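Engineer: Starting from these lines, generate the structure:
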Amino acid sequence: MFFYMFIFLAIFSLWWRWRAQDGQKIRDLTNKYIFITGCDSGFGNLAARTFDKKGFRVLASCLTEAGAMELKAATSDQLQTVLLDVTDSDNVRKVAEWIKAQVGSAGLWGLVNNAGIMGLAAPTDWLNIEHFRTPIEVNLIGLINVTLHLLPLVKKARGRLVNISSSGGRLAMCGGGYFPSKFGVEGFNDSLRRDMKAFGVEVSCIEPGLFKTGLSDREKIIRDREAIWNQLSPAIRKQYGEGYVQKDSEKKEKLTLVIQNTDLSPVVQCMEHALTSTHPRSRYTAGWDAKFLWIPLSSMPTAIQDFVLLRNKTELADPTAG
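Structural biologist: Numbering: from 1, shown residues only. Purely as a prediction, here's the structure:
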């Protein structure tokens, strides 16, 4: 009896200590610069507006002039925007020089690598190499390039690096370049975290589930799939069957309606904790679907993963055709 009570008290004590450390925050946010990529919409836009209100010196990159103007109109004069295409190395270099001039000797407290695209999500045998290349260039190579250019400034501030991955970085749910890109982000994040420990730089990875953002725009996904369907060979179209795109989309829409998160704030709260906690976590999971479905499923045997994910796929008309 006493042994079990001792074990319970030991576990409770460790949990209480973790909770106490987890809640400790840094001070003096007003003198700290953070740079966020992909602020036109979605997580990045909400993060820029949120951190501006909290007093950070926010440097926000947008892909478009319209996105930058809308963000400026919704924030204080302290927030600054800059146009950035993370796939353009020359653009990345110039923006890094601009950031260096802005932060001066203080360095860059936080880099939030948020910019990303979905790319075409479709069966692998529908795709060509360019369908893979585009999301990998944005989500992985672009993220790495931005990080390498700004790493000296983050090291100077002994600051924070926050990489937005996905629960899809732990579990590939369909074909296309998005999931390989996010698996790559996870690997880069892990090696970066270990390399930066000696410099006092904390590196965190956020793994959101399915949220209602531009990445999950159902109409766009269907349009993209229909466009590539019309270019497929007759043999492949016969294998999948006429009407496959619509049938598959309707089946996935049923699941989406059940699990999709409409409130983006949990992801921004993870960013905030990673930037302001004295003990940031190595990984954050955002969204109930990620917490209770995708991340646990990613740790299960492959046979179980396949069984669950294949149940949400539409049956082919004739796999042996052609």
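
Engineer: Which parts of this protein are helices?
Structural biologist: Applying DSSP state H to the chain gives helices spanning 2-22, 42-53, 65-73, 89-103, 129-136, 143-157, 178-196, 218-229, 234-240, 244-259, 265-276, 288-289, 295-298, 302-310.

Engineer: any chance of these in CSV, with distance to Leu171 and mean pLDDT too?
Structural biologist: Any C-beta I mention is one placed from the backbone N, CA and C, and that applies to glycine too. Listed next are the helices of the chain as CSV, based on distance: least, CB to CB, whole Å; pLDDT from 0 to 100:
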stretch, distance to Leu171, mean pLDDT
helix 2-22, 26, 59
helix 42-53, 20, 97
helix 65-73, 30, 97
helix 89-103, 30, 98
helix 129-136, 17, 96
helix 143-157, 20, 98
helix 178-196, 8, 98
helix 218-229, 19, 88
helix 234-240, 24, 95
helix 244-259, 13, 88
helix 265-276, 18, 98
helix 288-289, 11, 95
helix 295-298, 4, 97
helix 302-310, 7, 96
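
Engineer: okay if I get the ones you listed as JSON lines plus mean neighbour count and distance to Ala115?
Structural biologist: Shown next, in JSON lines, are the helices of the chain (neighbours: other CB atoms under 10 Å; distance: least, CB to CB, whole Å):
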{"stretch": "helix 2-22", "mean neighbour count": "10", "distance to Ala115": "28"}
{"stretch": "helix 42-53", "mean neighbour count": "23", "distance to Ala115": "7"}
{"stretch": "helix 65-73", "mean neighbour count": "15", "distance to Ala115": "11"}
{"stretch": "helix 89-103", "mean neighbour count": "16", "distance to Ala115": "11"}
{"stretch": "helix 129-136", "mean neighbour count": "16", "distance to Ala115": "11"}
{"stretch": "helix 143-157", "mean neighbour count": "19", "distance to Ala115": "7"}
{"stretch": "helix 178-196", "mean neighbour count": "19", "distance to Ala115": "12"}
{"stretch": "helix 218-229", "mean neighbour count": "15", "distance to Ala115": "18"}
{"stretch": "helix 234-240", "mean neighbour count": "16", "distance to Ala115": "33"}
{"stretch": "helix 244-259", "mean neighbour count": "15", "distance to Ala115": "23"}
{"stretch": "helix 265-276", "mean neighbour count": "22", "distance to Ala115": "14"}
{"stretch": "helix 288-289", "mean neighbour count": "16", "distance to Ala115": "23"}
{"stretch": "helix 295-298", "mean neighbour count": "16", "distance to Ala115": "23"}
{"stretch": "helix 302-310", "mean neighbour count": "11", "distance to Ala115": "27"}
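
Engineer: Out of those, which is closest to Pro208?
Structural biologist: helix 265-276 (5.0 Å; CB to CB).

Engineer: Show me what that closest one is packed up against.
Structural biologist: helix 42-53, strand 110-113, strand 160-164, strand 202-208, strand 283-286 (3 or more CB pairs under 8 Å, 6 or more residues apart in numbering; DSSP states H and E).

Engineer: mind running it again at 6 Å?
Structural biologist: If contacts are counted by 3 or more CB pairs under 6 Å, 6 or more residues apart in numbering; DSSP states H and E, helix 265-276 sits against helix 42-53, strand 160-164, strand 202-208, strand 283-286.

Engineer: and the longest one, how far from the chain's centre?
Structural biologist: Looking back up the chat, that one is helix 42-53. 15 Å (CA atoms, centre = their mean, to the nearest Å).

Engineer: And the last one, by the same measure?
Structural biologist: A distance of 10 Å separates the centroid of the chain from that of strand 283-286, by CA atoms, centre = their mean.

Engineer: same question, stretch 61-77
Structural biologist: 21 Å.

Engineer: List of residues touching that stretch?
Structural biologist: 37, 39-40, 48-49, 52, 81-82, 84 (CB atoms under 6 Å, 6 or more residues apart in numbering).

Engineer: repeat that with 8 Å
Structural biologist: For stretch 61-77, contacts defined as CB atoms under 8 Å, 6 or more residues apart in numbering pick out 35-41, 45, 48-49, 52-53, 58, 60, 79, 81-85, 95, 115.

Engineer: Return the residues in contact with Thr87.
Structural biologist: 137-138, 141-142.

Engineer: If you rank those residues by neighbours, which is first?
Structural biologist: Neighbour tally across the contacts of Thr87 (other CB atoms under 10 Å): the maximum, 26 neighbours, falls on Gly142.

Engineer: where's it relative to Thr50, distance?
Structural biologist: 23 Å (CB to CB, to the nearest Å).

Engineer: same deal with Thr37?
Structural biologist: Thr37 is 16 Å from Thr50, by CB to CB.

Engineer: Nearest approach to Ser282 belongs to which of the helices of the chain?
Structural biologist: helix 178-196 (6.3 Å).

Engineer: Who does Leu59 form a beta bridge with?
Structural biologist: On the basis of DSSP bridges, Leu59 is bridged to Phe35, Gln80.

Engineer: Wait, it touches Ile34, no?
Structural biologist: Yes - the pair Leu59 and Ile34 qualifies as a contact (CB atoms under 8 Å) at a distance of 7.0 Å.
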